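Visitor: quick one: sequence and predicted model below, then my questions.
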Amino acid sequence: MKVALLGGSFNPPHVGHLMAASYVHATQGVDAVWLMPTFHHPFGKQLEPFEARVRMCEALCRETSGWLQTSLVERELGGGGRTVDTLAFLVERYPDTRFSLIIGSDILRDLPNWKDFDRIQRMAHVLVLYRAGYPAPDTVGPPLAEVSSTQVRDLLARGLEPSELVPSAVLQVAREEGLFGLRGRPG
Ligand SMILES: Nc1ncnc2c1ncn2[C@@H]1O[C@H](COP(=O)(O)OP(=O)(O)OP(=O)(O)O)[C@@H](O)[C@H]1O
Ligand SMILES: O=C(O)c1ccc[n+]([C@@H]2O[C@H](COP(=O)([O-])O)[C@@H](O)[C@H]2O)c1
């Protein structure tokens, strides 16, 4: 079994995440892609509640035939949310699974602040996808969507509907949960 991991804040998930996961599933010979929402963000980002982000991730997964799944492992682990610790835990729990780790090229500038990135590379094949706007050497594939959760949150804060950037089922969950200031807003 080969699994690609896509860790993120998913605050909220958007079509860029879906495209990144689809690209990897379609071209990199993996059986499944697991979204791993952050429980405690290592750099202390303030996020909507974990359970609500999980619900949105699960709605995103339903856009696929089942190969995209949401993992709750980072809640199970608690701790500092460092990817090296999550990966070590998964490698031990699933000895017959080969893991790869997906990151967008925007993350490259943060890597010096990651814990033990060398050890991550020994445990998993790291796939750096070309996120549009962040060209870098050694990325895999064409530039992917120019969309971010920040952009989605900004649109919502201005009362606009990000319906071209977020799958409708994900937006529906955000409305039901009253996330991103959507509580009580008609729509
Ligand atoms: N449009 C995209 N194309 C390629 N990779 C992406 C894209 N959006 C996010 N990713 C990657 O998905 C992972 C999780 O991203 P994250 O949940 O932080 O989304 P984000 O849009 O970067 O959020 P924010 O704007 O809040 O920082 C990261 O590795 C990121 O590089
Ligand atoms: O391991 C680390 O040191 C580390 C530092 C920062 C971020 N990460 C992980 O990188 C993924 C993407 O993070 P972000 O900030 O782009 O949402 C997410 O799974 C984080 O847990 C990991």
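Guide: Yes, it's here. Ligands and ions are numbered 1, 2, ... in the order given.
Visitor: so which residues of the protein form strands?
Guide: Secondary structure of the chain, counting by DSSP state E: strands at 2-8, 32-37, 68-70, 98-104, 125-131, 140-144.
Visitor: among those strands, which is nearest ligand 2?
Guide: Comparison of the strands of the chain against ligand 2 by C-beta to the nearest ligand atom identifies strand 2-8 as nearest, at 2.3 Å. Every C-beta, even on glycine, is put in place using the N, C-alpha and C of the backbone.
Visitor: now the strands of the chain in TSV, with distance to V173?
Guide: Putting the strands of the chain into TSV (distance: least, C-beta to C-beta, whole Å) gives the following:
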stretch	distance to V173
strand 2-8	16
strand 32-37	13
strand 68-70	12
strand 98-104	23
strand 125-131	24
strand 140-144	23
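Visitor: tell me the most buried of these?
Guide: Mean neighbour counts were taken over those using mean count of other C-beta atoms under 10 Å, and the top value, a mean of 23, falls to strand 32-37.
Visitor: packing partners of that strand?
Guide: Other helices and strands packing on strand 32-37, by 3 or more C-beta pairs under 8 Å, 6 or more residues apart in numbering; DSSP states H and E, are strand 2-8, helix 15-27, helix 50-61, strand 68-70, helix 73-77.
Visitor: with that, I have no additional questions.
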